[in-house]
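Participant: I'd like to go over a predicted model; first the sequence, then the structure.
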Amino acid sequence: MPLIGTLDSARTQVVMTGLLEAIQAAEARIAIIDITGVPTVDTAVAQHLLQTVGAVRLMGAECVVSGIRPSIAQTITQLGIDLSHIVTRGSLADALATAMRLVEEGGGPRGVTG
(Lines give C-alpha, C1' and ligand atoms only; values in the text may rest on other atoms or scores of the structure.)
Protein backbone atom coordinates (compact mmCIF):
# COMPACT_ATOMS: atom_id res chain seq x y z
CA MET A 1 0.00 0.00 0.00
CA PRO A 2 1.76 3.17 -1.13
CA LEU A 3 1.10 6.23 0.99
CA ILE A 4 1.48 9.64 -0.60
CA GLY A 5 1.02 13.05 0.95
CA THR A 6 0.26 14.22 4.44
CA LEU A 7 -1.28 11.74 6.84
CA ASP A 8 -3.79 12.73 9.51
CA SER A 9 -5.95 10.68 11.86
CA ALA A 10 -8.90 10.38 9.49
CA ARG A 11 -6.76 9.40 6.52
CA THR A 12 -4.73 6.85 8.46
CA GLN A 13 -7.97 5.24 9.66
CA VAL A 14 -9.12 4.89 6.03
CA VAL A 15 -5.70 3.47 5.11
CA MET A 16 -5.84 0.94 7.95
CA THR A 17 -9.37 -0.17 7.08
CA GLY A 18 -8.52 -0.56 3.39
CA LEU A 19 -5.34 -2.48 4.14
CA LEU A 20 -7.04 -4.86 6.58
CA GLU A 21 -9.88 -5.52 4.13
CA ALA A 22 -7.34 -6.23 1.37
CA ILE A 23 -5.45 -8.63 3.64
CA GLN A 24 -8.66 -10.50 4.40
CA ALA A 25 -9.84 -10.60 0.78
CA ALA A 26 -6.49 -11.83 -0.56
CA GLU A 27 -5.68 -13.98 2.47
CA ALA A 28 -2.35 -12.18 2.35
CA ARG A 29 0.50 -13.19 4.59
CA ILE A 30 2.55 -10.05 3.97
CA ALA A 31 1.53 -6.40 3.76
CA ILE A 32 3.90 -3.72 2.53
CA ILE A 33 3.32 -0.14 3.58
CA ASP A 34 5.45 2.19 1.47
CA ILE A 35 5.87 5.68 2.95
CA THR A 36 8.18 7.03 0.24
CA GLY A 37 5.56 9.64 -0.67
CA VAL A 38 4.98 10.83 2.90
CA PRO A 39 6.86 14.11 3.31
CA THR A 40 7.04 14.19 7.11
CA VAL A 41 6.42 11.92 10.04
CA ASP A 42 5.37 13.26 13.41
CA THR A 43 4.38 11.49 16.60
CA ALA A 44 0.77 11.01 15.49
CA VAL A 45 1.75 9.53 12.11
CA ALA A 46 4.28 7.21 13.75
CA GLN A 47 1.69 6.05 16.29
CA HIS A 48 -0.82 5.38 13.52
CA LEU A 49 1.83 3.42 11.68
CA LEU A 50 2.47 1.31 14.79
CA GLN A 51 -1.27 0.73 15.22
CA THR A 52 -1.62 -0.33 11.60
CA VAL A 53 1.28 -2.78 11.91
CA GLY A 54 -0.32 -4.18 15.08
CA ALA A 55 -3.67 -4.60 13.33
CA VAL A 56 -2.00 -6.34 10.38
CA ARG A 57 -0.38 -8.79 12.80
CA LEU A 58 -3.73 -9.43 14.48
CA MET A 59 -5.00 -10.46 11.05
CA GLY A 60 -2.24 -13.07 10.92
CA ALA A 61 0.01 -11.27 8.45
CA GLU A 62 3.45 -9.72 8.69
CA CYS A 63 4.03 -6.09 7.81
CA VAL A 64 7.02 -4.56 6.05
CA VAL A 65 7.39 -0.78 6.08
CA SER A 66 9.42 0.65 3.22
CA GLY A 67 10.51 4.05 1.98
CA ILE A 68 11.99 5.33 5.20
CA ARG A 69 14.29 8.09 4.06
CA PRO A 70 17.17 9.35 6.21
CA SER A 71 15.25 12.45 7.31
CA ILE A 72 12.26 10.36 8.41
CA ALA A 73 14.51 7.86 10.21
CA GLN A 74 16.16 10.73 12.04
CA THR A 75 12.80 12.25 13.00
CA ILE A 76 11.44 8.93 14.27
CA THR A 77 14.50 8.34 16.45
CA GLN A 78 14.42 11.93 17.73
CA LEU A 79 10.78 11.42 18.71
CA GLY A 80 11.87 8.35 20.69
CA ILE A 81 9.60 6.00 18.78
CA ASP A 82 10.78 2.40 18.80
CA LEU A 83 10.29 0.64 15.47
CA SER A 84 12.81 -2.10 16.26
CA HIS A 85 10.08 -4.78 16.28
CA ILE A 86 8.90 -3.80 12.79
CA VAL A 87 10.49 -5.03 9.58
CA THR A 88 11.65 -1.93 7.70
CA ARG A 89 13.40 -1.49 4.38
CA GLY A 90 14.72 1.61 2.66
CA SER A 91 13.12 0.96 -0.71
CA LEU A 92 10.07 -0.75 -2.11
CA ALA A 93 12.33 -3.10 -4.09
CA ASP A 94 14.02 -4.21 -0.86
CA ALA A 95 10.61 -4.62 0.80
CA LEU A 96 9.37 -6.80 -2.07
CA ALA A 97 12.48 -8.98 -1.85
CA THR A 98 11.97 -9.32 1.90
CA ALA A 99 8.28 -10.13 1.44
CA MET A 100 9.08 -12.85 -1.09
CA ARG A 101 11.67 -14.34 1.26
CA LEU A 102 9.22 -14.28 4.17
CA VAL A 103 6.53 -15.97 2.07
CA GLU A 104 8.95 -18.68 0.93
CA GLU A 105 10.06 -19.29 4.53
CA GLY A 106 6.45 -19.41 5.71
CA GLY A 107 5.48 -22.51 3.77
CA GLY A 108 4.01 -21.09 0.58
CA PRO A 109 2.30 -17.92 -0.50
CA ARG A 110 -1.30 -17.07 0.21
CA GLY A 111 -0.82 -13.72 -1.44
CA VAL A 112 1.20 -10.59 -1.13
CA THR A 113 -0.43 -7.20 -0.87
CA GLY A 114 1.12 -3.80 -0.95
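Facilitator: Ah, there it is.
Participant: state the mean pLDDT of the longest strand along the chain.
Facilitator: Ranked by residue count, the top strand of the chain under DSSP state E comes out as strand 30-37. The average pLDDT within strand 30-37 is 93.
Participant: may I see the buried residues of that strand?
Facilitator: 30-35 (16 or more other CB atoms under 10 Å). Using the backbone N, CA and C atoms, a C-beta is placed for each residue, glycine as well.
Participant: what does stretch 91-102 give?
Facilitator: Neighbour counts using 16+ other CB under 10 Å place 92, 95-96, 98-99, 102 of stretch 91-102 among the buried residues.
Participant: and those, which is closest to residue 79?
Facilitator: Using CB to CB, residue 95 comes nearest to residue 79 of these, at 22.3 Å.
Participant: from residue 69, how far out is the closest one?
Facilitator: 14 Å (CB to CB, to the nearest Å).
Participant: ok, the longest strand of the chain: who's next to it in the sheet?
Facilitator: Strand 30-37 has its sheet partners listed here by DSSP bridges as strand 2-4 (parallel), strand 62-66 (parallel), strand 112-113 (parallel).
Participant: tell me the angle of the following helix or strand past it relative to strand 62-66?
Facilitator: Where DSSP states H and E defines the elements, the next helix or strand beyond strand 30-37 is helix 43-58. Interaxial angle of helix 43-58 relative to strand 62-66 (axes from the mean of the first three to the mean of the last three CA atoms, to 10 degrees): 150 degrees.
Participant: for helix 43-58, give the mean pLDDT please.
Facilitator: For helix 43-58, mean pLDDT is 89.
Participant: any low-confidence regions in this structure?
Facilitator: In the predicted model, the chain carries pLDDT under 70 at residues 107-114.
Participant: run through who's touching the top helix by length along it.
Facilitator: Across the chain, the longest stretch assigned as helix under DSSP state H is helix 9-26. Defining contact as CB atoms under 8 Å, 6 or more residues apart in numbering, one finds that helix 9-26 is touched by 1, 3, 7, 28, 31, 33, 44-45, 48-49, 51-52, 55-56, 59, 61, 110-111, 113.
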